[in-house]
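Undergrad: can you look at this prediction? I've put the sequence above it.
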Amino acid sequence: MISDPEAPLGRPRGRSDPRPTIWYPAAGPPTRNNRGLSCVCCRAGRRDACIPFDLPQIPGGQVLQTGVLIMRRNIVHIGADELHYEIRNIVEVAREVALLSGQTIAWENIGDPVAKGEPIPAWIKDIVAQASQENSAYQYSPTRGLLETREFLAARTNALGGTEITPDDIIFFNGLGDAVNKVYSLLRREARIIGPSPAYPTHSSAEAAHAGSAHITYKLDPHNGWLPDLDELRNKVKYNENIAGILIINPDNPTGAVFPRDVISEMVAIARDYDLFILADEIYINMVFGPAREQHASLAEVIGETPAISLKGISKEIPWPGARCGWAEFYNQHGHPIFQKYCQSLLSAKMLEVCSTTLPQLVIPRIMAHPDYAEWQSERNAFYRRRSEQIKEIFARCDGVTVNIPDGAFYLSVVFDKAARPDASLEIKNSAIRQYIHDLLPHGSPADKRFVYQLLGAHGICVVPLSSFVTKLAGFRSTLLERDDDRFLWIYNTIADAINRFLS
């Protein structure tokens, strides 16, 4: 292809199509011509017919590689580099380890109770099976969601004695992941939501991607039961006028902390003082156990007249994660015109999708109003309380770590208080796995990532590095979900022994 070196970038002579068609040389890195520009033709030995162009950059600062067509416009979203989800990323690593070892992986990375062996009661299955025989289960639902279900959920919230809502203050989504994405993507670009650190990556990544900048956080203190540093939160809100909302995850993921009523009330007060709204992830709101249960409160009980959105769902509570069914409850939208318009934009966006899945919505009132439901939830919480106590006993023999026993949800975050040596490692006997894990850990990898990947390689136990949750703390997150008692004890005794070796 012969081209005029003085022609506009990417406009080869003799073509009627004006679109840029500049290619890097197929056989190696771009060369440089006598004008110091990257060049296709010089590599082919035709120095009289150079097509000049600068090395384009992609987000993250990497130079585009050979064989890549330069596009007219950069189509990559400004926040693309902020999308991180190690909880799922490590699954591919674990699958490769399973192939190399021939052993079953102990999946302690993902909060799926059903995958970990939790049985679904027959009466819940019967309700779903019966509903699936109704023709209405196969039709579109209203955009907001089924009216009967929204009436049921509004009544449950109103029975708490706090703020009151109507069925029109509820919108259904295809799981809370869908809701979270909508909540952040429809904010003005400069409007920021400050969230807890350690942060749950669905929130932190969506918020950072929306803004095209790192997620803004307030600290949860592992030396104070993972409670938020309210002074830091107030100061960050005071001095950053871009902060428009405060995210509360209660009970918390990844720490398992349950914030008491007075803490939630103070966070609401900060929002009220600075004209913010509250975004609350309350997917685990009914999964509270231990002493924290006495002081626990949902957002609806303490929100007063402050605008807020509470996100809830059935993935963890019933549990039915595969249903992908969640909803947002809007509090006090009618007294705040800007907030009301924002809530309306969420409904308008949902209309573009038509609606959320009908069958899960249809069965929510039938399941939650069933006479066995309360006892079923009590049994589940008792199981997680027992697992929490077992972990407390096991980790009591570990030096150099802070372990706060979970009071809610079903997660545990362990913090390494003691710095690991630069050469700290766990022995991996399988040479193929040892090399595979080594290749995944370049020099300078965080200590907790080395621990987690080597734990996986050595013992087939899959947890998640705490440093992947937008925190400077090192450690790991795991779950309380294992149903087999002997396997649970093996998993956590193995982890405890590995911690002592790694930090010794």
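TA: Cool, the structure landed.

Undergrad: for the stretch 201-350 of the chain, give me the ranges with low pLDDT.
TA: Across the stretch 201-350 of the chain, nothing is flagged by pLDDT under 70.

Undergrad: what about the helices in it?
TA: For the stretch 201-350 of the chain, the helices defined by DSSP state H, counting those that start in this stretch cover 201-211, 230-239, 261-273, 299-302, 337-353.

Undergrad: now render these as JSON lines, adding mean neighbour count and distance to G161.
TA: All C-beta atoms are positioned from the backbone trio N, CA, C, and that covers glycine. Converted to JSON lines, these look like this (neighbours: other C-beta atoms under 10 Å; distance: least, C-beta to C-beta, whole Å):
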{"stretch": "helix 201-211", "mean neighbour count": "23", "distance to G161": "28"}
{"stretch": "helix 230-239", "mean neighbour count": "15", "distance to G161": "25"}
{"stretch": "helix 261-273", "mean neighbour count": "18", "distance to G161": "13"}
{"stretch": "helix 299-302", "mean neighbour count": "22", "distance to G161": "7"}
{"stretch": "helix 337-353", "mean neighbour count": "15", "distance to G161": "23"}
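
Undergrad: so which of those gets nearest Q435?
TA: Nearest of those to Q435, taken as C-beta to C-beta: helix 201-211 at 28.7 Å.

Undergrad: could you dump the helices of the stretch 201-350 of the chain into CSV with distance to F289 added?
TA: Formatted as CSV, these follow (distance: least, C-beta to C-beta, whole Å):
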stretch, distance to F289
helix 201-211, 24
helix 230-239, 25
helix 261-273, 17
helix 299-302, 19
helix 337-353, 33
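
Undergrad: of these, which is nearest E393?
TA: So among the helices of the stretch 201-350 of the chain, helix 261-273 is nearest, using C-beta to C-beta, at 27.8 Å.

Undergrad: identify the residues contacting the closest one?
TA: By C-beta atoms under 8 Å, 6 or more residues apart in numbering, the residues outside helix 261-273 that reach it are 227-228, 230, 233-234, 237, 245-246, 248, 250, 259, 276-278, 295-297, 299, 301-306, 308.

Undergrad: who are the packing partners of the longest helix that the chain contains?
TA: Longest helix in the chain, counting residues (DSSP state H): helix 373-395. If you count contacts as 3 or more C-beta pairs under 8 Å, 6 or more residues apart in numbering; DSSP states H and E, helix 373-395 packs onto strand 401-403, strand 411-416, helix 485-502.

Undergrad: so which of the helices of the stretch 201-350 of the chain is nearest N286?
TA: Among the helices of the stretch 201-350 of the chain, the nearest to N286 by C-beta to C-beta is helix 299-302 (12.8 Å).

Undergrad: run the chain-centre distance for that closest one.
TA: 24 Å (C-alpha atoms, centre = their mean, to the nearest Å).

Undergrad: ok, now which ones touch G175?
TA: 313, 315, 323-326.

Undergrad: so which of these comes closest to W107?
TA: Taking those together and measuring to W107 by C-beta to C-beta, the closest member is S315, at 16.4 Å.

Undergrad: so the closest one sits right up against I283, yeah?
TA: Yes - assessed by C-beta atoms under 8 Å, S315 is found in contact with I283 at 6.7 Å.

Undergrad: circling back to that earlier point, and the contacts of the longest helix of the chain?
TA: 118, 121, 256, 286-290, 317, 367, 401, 403, 405-407, 410, 412, 414, 480, 482, 488-489, 492-493, 496.

Undergrad: stretch 145-165 too?
TA: 144, 166-172, 298, 300-305, 312, 327, 329-332, 355-356, 358, 361-362, 364-365, 368-369.

Undergrad: now, of the residues you listed, which are buried?
TA: Buried members of those, scored by 16 or more other C-beta atoms under 10 Å, are 144, 167, 169-172, 298, 300-303, 312, 327, 329-332, 355-356, 358, 361-362, 364-365, 368.

Undergrad: which ones among the residues you listed lie within strands?
TA: 170-172, 312, 327, 329-331 (DSSP state E).

Undergrad: need phi/psi at N109.
TA: Main-chain torsions, N109, degrees, to the nearest 10: phi -100, psi -30.

Undergrad: that one reaches I461, doesn't it?
TA: No - using C-beta under 8 Å, N109 is not in contact with I461, being 9.5 Å away.

Undergrad: end to end, how far does stretch 322-338 reach?
TA: 35 Å (C-alpha to C-alpha, to the nearest Å).

Undergrad: gap between the most centrally placed residue in the chain and A432?
TA: In the chain, the centroid-proximal residue (C-alpha atoms, centre = their mean) is T202; its distance is 2.3 Å. As for T202, its distance to A432 is 34 Å (criterion: C-beta to C-beta, to the nearest Å).

Undergrad: same deal with W107?
TA: Taken as C-beta to C-beta, the span from W107 to A432 is 21 Å.

Undergrad: which one of those two has more residues nearby?
TA: W107 (20 against 14; other C-beta atoms under 10 Å).

Undergrad: pretty sure the more buried one contacts C462?
TA: Yes - using C-beta under 8 Å, W107 makes contact with C462 at a distance of 5.4 Å.

Undergrad: intersection of neighbour lists for those two?
TA: With C-beta under 8 Å, 6+ apart as the test, W107 and C462 both reach A94.

Undergrad: local confidence estimate at G145?
TA: Looking at G145, its pLDDT stands at 98.
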